[in-house]
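Enquirer: Have a look; sequence and predicted model below, questions after that.
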Amino acid sequence: MHATINAAEIPYVRQWRGARLSPVEEMLMFHKDAGPVPDTLSRLQAALEKEGIDYVVIGALAMGVHHARRATEDVDLCLRPADLKRFRDKLVGSVYQAVEGRSRRFYDPQTQVTFDLLVSGEIAGHRGRNKTIRFPDPAEAVEIAGLRTVSLEQLIALKLVTWRLQDWADVVRLIRENKLIEEFSQRLPKEIHAAYLQCHDQMLEEQRYDEEHGGT
């Protein structure tokens, strides 16, 4: 097994447990907690725990335990700097491969899924716009439905500071599914209050649209 893989070599249609999965099949499996992405998370959790490496799950997989499941193609976790080095030393080249040009992205050849290992304590999201909100330490993890993940407040903060449309859409959904009110912004860092309120306004707009057009 090569220690490094070029992103262009990663297949779009994955082979998983001897079957070739279309993107639609994979999405349907994901919503039943099956398929390449959940399998990748399970394998990664087992590998990290075997090496005594602590972690916390963020990103789209964290949304599911906060009542807003969204299919995703990869896995995001946070590790401490020393543990990221241990991961590279112990597991890259034997179990996982590094992705060329992406120092913290790795590839599981068994599931054909990539995952990002982000560094606890580093500035999160858009560094030109966020100066204070950082990736969480594993000690901050909360266990929800068996997943070591972040609180709802932390998840929303991490998504808001990317200033990406997909992440803000995720926040809109988290607001809606958790029935959050405007005052929830006071539980977030002050610098993202306005961003949260924009997402809350968008949630209200979507609700109005659904009511007018018979949606749910």
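Expert: Happy to help now that I have it. Residues are numbered from 1 along each chain as shown.
Enquirer: contacts, neighbours, all on C-alpha from now
Expert: Noted.
Enquirer: Ramachandran coordinates for residue 211?
Expert: The phi and psi torsions at residue 211 (degrees, to the nearest 10) take the values phi -70, psi -40.
Enquirer: Can you tell me the centre-most residue of the protein?
Expert: For the chain, the residue lying nearest the average C-alpha position, counting by CA atoms, centre = their mean, turns out to be residue 59 (1.8 Å).
Enquirer: Surely that one and residue 75 touch.
Expert: Yes - under the contact definition of CA atoms under 8 Å, residue 59 touches residue 75, with a separation of 7.3 Å.
Enquirer: And the strands in this structure?
Expert: Applying DSSP state E to the chain gives strands spanning 4-5, 15-16, 19-20, 56-58, 74-79, 97-99, 102-108, 113-119, 142-144, 147-149.
Enquirer: Which of those has the highest mean neighbour count?
Expert: Of all these, strand 56-58 carries the top mean neighbour count, a mean of 25, counting by mean count of other CA atoms under 10 Å.
Enquirer: Report all helices and strands that it contacts.
Expert: strand 74-79, strand 147-149 (3 or more CA pairs under 8 Å, 6 or more residues apart in numbering; DSSP states H and E).
Enquirer: Nearest to residue 119, out of these?
Expert: Between residue 119 and the helices and strands packed on strand 56-58, the shortest gap by CA to CA is with strand 74-79, which sits at 5.3 Å.
Enquirer: Give the burial count for the closest residue to residue 144 other than its chain neighbours, as a bare number.
Expert: In space, residue 144 comes closest to residue 65 once its chain neighbours are excluded; the distance is 6.3 Å by CA to CA, 6 or more residues apart in numbering. Here the count is done by other CA atoms under 10 Å, and residue 65 has 18 residues near it.
Enquirer: how near is residue 65 to residue 99?
Expert: Residue 65 is 28 Å from residue 99, where distance means CA to CA, to the nearest Å.
Enquirer: Look up how far residue 32 lies from the residue lying closest to residue 186 once chain neighbours are set aside.
Expert: Closest residue in space to residue 186, ignoring its immediate chain neighbours: residue 193 at 7.2 Å, by CA to CA, 6+ apart. With the distance defined as CA to CA, residue 193 ends up 35 Å from residue 32.
Enquirer: More neighbours: which of the two?
Expert: Each of residue 193 and residue 32 had its neighbours counted (other CA under 10 Å), and the higher figure belongs to residue 193 (18 against 9).
Enquirer: Would you check that the more buried one makes contact with residue 187?
Expert: No - in this structure, residue 193 is not within contact of residue 187 by CA under 8 Å, at 9.0 Å.
Enquirer: how far away is the residue nearest to residue 144 from residue 107?
Expert: When distance is defined by CA to CA, residue 65 is 24 Å away from residue 107.
Enquirer: Then residue 173?
Expert: Counting by CA to CA, the separation of residue 173 from residue 107 is 29 Å.
Enquirer: For this structure, just list every one of the helices.
Expert: If you assign secondary structure with DSSP state H, the helices in the chain sit at 23-30, 36-50, 60-64, 81-91, 152-160, 165-177, 193-213.
Enquirer: Now do the fourth one: which elements does it pack against?
Expert: Read it as helix 81-91. Using 3+ CA pairs under 8 Å, 6+ apart, the elements in contact with helix 81-91 are strand 113-119.
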